[in-house]
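Chemist: 3D model of this:
(one chain, ligands or ions: 2)
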Amino acid sequence: MSAETPINVVGGGAWGTALANAAAGAGHPVTLWLRDAQAAAALQAQRENPRYLPGVPLHPAIRATADADALAGARATLVVVPAQTMRGVLETLRGPLASAGPVILCAKGIERGSDSFMSAVAEQVLPPGVPVAVLSGPSFAADVARGLPTAVTLAAADAGLAAGLSALLSGPSFRLYHTDDVRGVEIGGAGKNVLAIACGIVVGRGLGESARAALIARAFAELMRFARAFGGRPETLMGLSGLGDLVLTASSPQSRNFAFGQRLGAGASPAEAAGGKLAEGAFTAAALAGLAAAKGLEMPVAEAVAAIVAGSASVDDVIAGLLARPLRGETD
Ligand SMILES: NC(=O)C1=CN([C@@H]2O[C@H](COP(=O)(O)OP(=O)(O)OC[C@H]3O[C@@H](n4cnc5c(N)ncnc54)[C@H](O)[C@@H]3O)[C@@H](O)[C@H]2O)C=CC1
Ligand SMILES: O=C(CO)COP(=O)(O)O
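Modeler: Ligands and ions are numbered 1, 2, ... in the order given. Alright, predicted model coming up:
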């Protein structure tokens, strides 16, 4: 396969555009696929994505298109759409993705209804034999798109594939570490969004920085319990895609999940708090809490977020409930 063989990016939102810039910066021609032909033509002509990444020039090596056939024959395909749309997008593109290299899933979430992780969705939908990988870690699209230093994790069941894809996509300031712990990486990415909403609520309610730090630590303990029960390795959760991303997302109003929580904490309803922006944790909260409950795992923070988002509990009731929980050993 020649250096001229493109990398595909499916999805022209903030993260898709940023990853297209990163892949182009790593020296590859990039085909950036959008579902909407007008949006693809505008991006191709304007060389900027003003809705999702204003002020960031599109790398000259990126070609934006809505032609699904243009995806065939690529070296690898990054799929960068919201988790709840992943199944539909993969179904639509199933034909060209049969010959578009390994499929790298970049969404952070669990599918509602089926309670499936993204790799399980992909394995159900993609043609047999298409390798699946997952990319996740602490990385704001705006930082990556501007070429600021960022490190993320790429996971594939085949360790050689994970190492190869990491080398392929790493660039001067975008570093990919690799692992074969796909489930561990998926749990970190999906779970941190839910827990970051909780941290936003605490800050939005004016409970202070000490409360936020306590919540990050207790939320991380929940995530570790979940990972142990669902086949993720603790050391993966301690890394970039777990603790690294939880700390980033729970500390910055730049995070849509944190900002969503902050608005909930300040008194907005879930619909008002979303404000038209994607907060993946709002969709994943119920699935995360439901999966945990089915195994008898305690995840009080995730349950609290699920209840607030569903409108079945108020912020104040949830906070009172969390503070009234029985004291226990810290590592029990
Ligand atoms: N923005 C960020 O900094 C990061 C985002 N992510 C993850 O990447 C995923 C995507 O997030 P963003 O790009 O930020 O969201 P976004 O809201 O900026 O963009 C979503 C894009 O997906 C497209 N889309 C929605 N439904 C679609 C469908 N059915 N078919 C085709 N395209 C569809 C939208 O048109 C839009 O272009 C999420 O799971 C998010 O958690 C991960 C790391 C960083
Ligand atoms: O995943 C992200 C950073 O790693 C982006 O976070 P938000 O989706 O909360 O903006």
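Chemist: Flag every residue of the stretch 1-150 of the chain that's near ligand 1.
Modeler: Counting by C-beta under 6 Å from any ligand atom, the stretch 1-150 of the chain comes close to ligand 1 at 11-16, 35, 52, 80-83, 85, 88-89, 106-109, 139-141. For glycine as for every other residue, the C-beta is placed from the backbone atoms N, C-alpha and C.
Chemist: repeat that with 5 Å
Modeler: By the rule C-beta under 5 Å from any ligand atom, the part of the stretch 1-150 of the chain lying against ligand 1 is 11-15, 35, 52, 81, 83, 85, 89, 107-108, 140-141.
Chemist: tell me which of those residues is nearest to E298?
Modeler: Taking C-beta to C-beta as the measure, K108 is the one of those closest to E298, at 22.9 Å.
Chemist: check contacts around that closest one.
Modeler: 83, 136, 189-190, 192-193, 280, 284 (C-beta atoms under 8 Å, 6 or more residues apart in numbering).
Chemist: Ranking by neighbours, what's the top pick from these?
Modeler: Using other C-beta atoms under 10 Å as the neighbour criterion, K192 leads the contacts of K108 with 34 neighbours.
Chemist: From L19, how far off is whatever residue of the stretch 201-332 of the chain ends up closest to ligand 1?
Modeler: Here the residue of the stretch 201-332 of the chain nearest ligand 1 is L278; by C-beta to the nearest ligand atom that distance is 3.8 Å. L278 is 15 Å from L19, where distance means C-beta to C-beta, to the nearest Å.
Chemist: Between the two, which is the more surrounded one?
Modeler: A count of neighbours by other C-beta under 10 Å puts L19 above the other of L278 and L19, at 27 against 21.
Chemist: thought the more buried one was touching S139?
Modeler: No. Here L19 does not reach S139: they are 9.1 Å apart, not a contact under C-beta atoms under 8 Å.
Chemist: if I look at G261, how far off is ligand 2?
Modeler: 10 Å (C-beta to the nearest ligand atom, to the nearest Å).
Chemist: neighbours around the residue of the stretch 1-150 of the chain found nearest ligand 1, how many?
Modeler: Closest to ligand 1 within the stretch 1-150 of the chain is G13: 1.7 Å, counting by C-beta to the nearest ligand atom. G13: 17 surrounding residues under other C-beta under 10 Å.
Chemist: For it, give me its contacts.
Modeler: 52, 80-82, 278.
Chemist: The same query, at a cut-off of 10 Å, please.
Modeler: By C-beta atoms under 10 Å, 6 or more residues apart in numbering, the contact list for G13 reads 34, 49, 51-53, 80-82, 141, 278.
Chemist: for F220, what are its contacts?
Modeler: With C-beta under 10 Å, 6+ apart, F220 has these contacts: 188, 191-192, 195, 237-238, 242-243, 246-247, 250, 301.
Chemist: V182 too?
Modeler: 105, 117-120, 132-134, 154-158, 162, 231-232, 236.
Chemist: residues in contact with the lowest-mean-pLDDT helix or strand in the chain?
Modeler: Within the chain, confidence by mean pLDDT, DSSP states H and E is lowest for helix 315-323 among all helices and strands, at a mean of 88. Identification of contacts with helix 315-323 by C-beta under 10 Å, 6+ apart yields 198, 201-202, 204-205, 207, 211, 215, 218, 261, 264-268, 300-301, 303-305, 307-308, 312-314.
Chemist: residue ranges for the helices of the stretch 101-250 of the chain, please.
Modeler: For the stretch 101-250 of the chain, helices defined by DSSP state H, counting those that start in this stretch occupy the ranges 118-125, 141-145, 159-169, 182-204, 209-230, 234-237, 245-251.
Chemist: Please tabulate those helices in JSON lines, including the columns mean pLDDT.
Modeler: JSON lines is the format used below for the helices of the stretch 101-250 of the chain (pLDDT from 0 to 100):
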{"stretch": "helix 118-125", "mean pLDDT": "98"}
{"stretch": "helix 141-145", "mean pLDDT": "96"}
{"stretch": "helix 159-169", "mean pLDDT": "98"}
{"stretch": "helix 182-204", "mean pLDDT": "97"}
{"stretch": "helix 209-230", "mean pLDDT": "95"}
{"stretch": "helix 234-237", "mean pLDDT": "98"}
{"stretch": "helix 245-251", "mean pLDDT": "96"}
